[in-house]
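A.B. asks: Make a model of this:
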Amino acid sequence: MDQQSARGLSEFGKVPVADALEALAGERRRAVIRILHGTEGTVPVQELATEVCLRPDGAQDRDRVVVDLHHRTLPKLDALGLVDYDPEATVVEPCSALDDLVALAEHVEVTNC
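C.D. replies: Residues are numbered from 1 along each chain as shown. All right, here's what the predicted structure looks like:
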């Protein structure tokens, strides 16, 4: 099953189904996917953390968000091929595959309400 792509099953791009589900399983990962959608170039992790905190469902402690992005969220999305994360420069750049998951991320958020 993990050889099939989300596009082949549901029109969500060429991200393998298992990777798409793993990427969208975390609320913070879904938020990052939506925030980075359509972004060109690199985004500093500090700026991304601010955007996460500004969301209606966002965390209140920006420092904790920075730590989570640096140690968990961005490395996971990088491993899944959705972003290029440079932990030394603390910048992230979305990959084209990330855009394939935006509609699915929004659908997951709507159905979770």
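
A.B. asks: show me where the chain has strands.
C.D. replies: 43-44, 83-86, 91-94 (DSSP state E).

A.B. asks: Buried residues, stretch 81-88. List them.
C.D. replies: For stretch 81-88, a neighbour-count test (16 or more other CB atoms under 10 Å) marks 81, 82, 83, 85 as buried. Where C-beta positions appear, they are placed from N, C-alpha and C, glycine not excepted.

A.B. asks: and those residues as a markdown table, adding pLDDT and distance to residue 21?
C.D. replies: As requested, those are exported to a markdown table (pLDDT from 0 to 100; distance: CB to CB, whole Å):
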| residue | pLDDT | distance to residue 21 |
| --- | --- | --- |
| 81 | 91 | 14 |
| 82 | 94 | 13 |
| 83 | 96 | 17 |
| 85 | 98 | 20 |
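
A.B. asks: burial of residue 89, as a residue count?
C.D. replies: 10 (other CB atoms under 10 Å).

A.B. asks: what do you get for residue 57?
C.D. replies: 9.

A.B. asks: Kindly report the same for residue 78.
C.D. replies: 17.

A.B. asks: Give me the residues contacting stretch 20-36.
C.D. replies: 6, 12-13, 15, 43, 48, 51-52, 55, 57-58, 65, 68-69, 72-74, 76-77, 80, 82-83, 92, 94, 98, 100-102, 104-106, 108-109 (CB atoms under 8 Å, 6 or more residues apart in numbering).
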